[in-house]
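[1] Prediction below, plus the sequence it came from.
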Amino acid sequence: MSSTQNESKKKGGGFLARQAKARKDGGSTGNMNGQPITEEELLQGEYITVDDVKALNKITENYLCSPDANVYNIDFTRFKIRDMESGNVLFEIAKPPPGEEEDDEYDEEADPNAGRFVRYQFTPDFLKLTTVGATVEFTVGDKPINSFRMIERHFFKEKILKSFDFEFGFCIPNSKNTCEHIYEFPPMAPDTIQEMVDHPYETKSDSFYFVDNRLVMHNKADYAYDGGLQES
């Protein structure tokens with residue numbers, strides 16, 4: 001991964017690293033004075049790091065990298081969510097096998113962001129869960145991945161609910177990998193839960209994926225917790 005390290009010297013790292021250098025050199029301190037970092041500022045840089053996205057204080061409006069940034073050909077093929085206490089599967093989806101997704105290929109040509117957004121609908125009881133397991137299956141291309149990491153940040157009406165930081169570990173080239181990440185949710189006040197139920201899809205998340213501390217994938221999702229209420 002020495003080529004990655006050499007390339008990082010072009011601009012001295014991600015946005016925060018460049019701001020720190022400017023501060024040391026007596027230049028503009030920008031957001032190093034405690035001001036929130038915006039996605040517009042991050043998009044001005046050559047690449048985006050873990051510390052960069054952790055400094056964002058609201059959900060992003062745009063994708064912070066293009067699909068072409070995924071030079072490792074990481075492809076998520078299966079995803080499952082289960083309640084760790086009961087073992088009940090709450091959500092499961094799998095990508096069709098090769099040869100059965102020709103129509104999707106056409107859609108991706110029309111919309112390069114197709115497949116990067118997911119909309120979930122759960123019942124209100126989901127908000128009462130304390131521990132959830134998310135199993136993900138993915139394949140990688142012909143390059144080894146030494147440090148694969150995900151930062152996932154959940155917001156409700158621009159207020160951050162929780163930030164998660166998961167490591168996937170080393171991935172060998174041309175491999176299929178499976179891992180389960182454990183989400184521990186903080187307790188929420190009943191009035192907050194009710195507000196989230198009353199405002200479907202205003203709960204949102206950004207999932208940022210990094211290889212060697214460079215953003216290579218960015219997925220988005222929104223959530224409704226009013227499942228089963230429409231029929232009542």
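    Looks like it arrived, so ask away.

[2] Surely F79 is in a strand?
    Yes - counting by DSSP: H, G, I helix; E, B strand; the rest coil, F79 is located in a strand.

[3] Worst mean pLDDT across the helices and strands of the protein, which element?
    helix 2-7 (a mean of 38; mean pLDDT, DSSP states H and E).

[4] what are the ranges of the helices in this protein?
    2-7, 15-24, 39-42, 50-54, 102-110, 190-198 (DSSP state H).

[5] Can you mark which positions in the shortest one are buried?
    So the one you mean is helix 39-42. Across helix 39-42, burial judged by 16 or more other C-beta atoms under 10 Å covers 39, 41-42. C-beta here means a position set from N, CA and C on the backbone, and glycine is covered the same way.

[6] And the fourth one, by the same measure?
    Of the residues in helix 50-54, those buried by neighbour count under the rule 16+ other C-beta under 10 Å are 50-53.

[7] what would these look like in CSV with pLDDT and distance to H199?
    CSV is the format used below for the buried residues of helix 50-54 (pLDDT from 0 to 100; distance: C-beta to C-beta, whole Å):
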residue, pLDDT, distance to H199
V50, 96, 30
D51, 94, 31
D52, 95, 29
V53, 96, 25
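
[8] Of the residues you listed, which is the nearest to F91?
    Comparing these against F91 with C-beta to C-beta places V53 closest, at 24.5 Å.

[9] for that closest one, what are its contacts?
    42, 64, 151, 153, 206, 208, 215 (C-beta atoms under 8 Å, 6 or more residues apart in numbering).

[10] Now do stretch 173-184: everything it contacts.
    77-78, 84, 130-144, 150, 164, 166, 168-169, 171.

[11] State the mean pLDDT of it.
    On average, the pLDDT along stretch 173-184 is 96.

[12] same deal with stretch 147-161?
    So the average pLDDT for stretch 147-161 ends up being 95.

[13] Surely Y120 touches A221?
    Yes - with contacts counted by C-beta atoms under 8 Å, Y120 reaches A221, the gap being 6.3 Å.

[14] now the residue most central in space within the chain, which residues is it bridged with?
    Using C-alpha atoms, centre = their mean, the residue of the chain that lies closest to the mean C-alpha position is S207, 0.5 Å off. Beta bridges link S207 to E152, N219, judged by DSSP bridges.

[15] mind listing what it touches?
    So S207 contacts 150-152, 217-221 (C-beta under 8 Å, 6+ apart).

[16] where's the nearest residue to D75 once chain neighbours are set aside relative to F91, distance?
    Spatial nearest neighbour of D75, excluding adjacent residues (C-beta to C-beta, 6 or more residues apart in numbering): T139 at 5.0 Å. Distance of T139 to F91, computed by C-beta to C-beta, to the nearest Å: 21 Å.

[17] and what of G133?
    G133 is 11 Å from F91, by C-beta to C-beta.

[18] can you list residues touching both of these two?
    Contacts common to G133 and F91, judged by C-beta under 8 Å, 6+ apart, are I81.

[19] Next, count neighbours for Y47.
    22 (other C-beta atoms under 10 Å).
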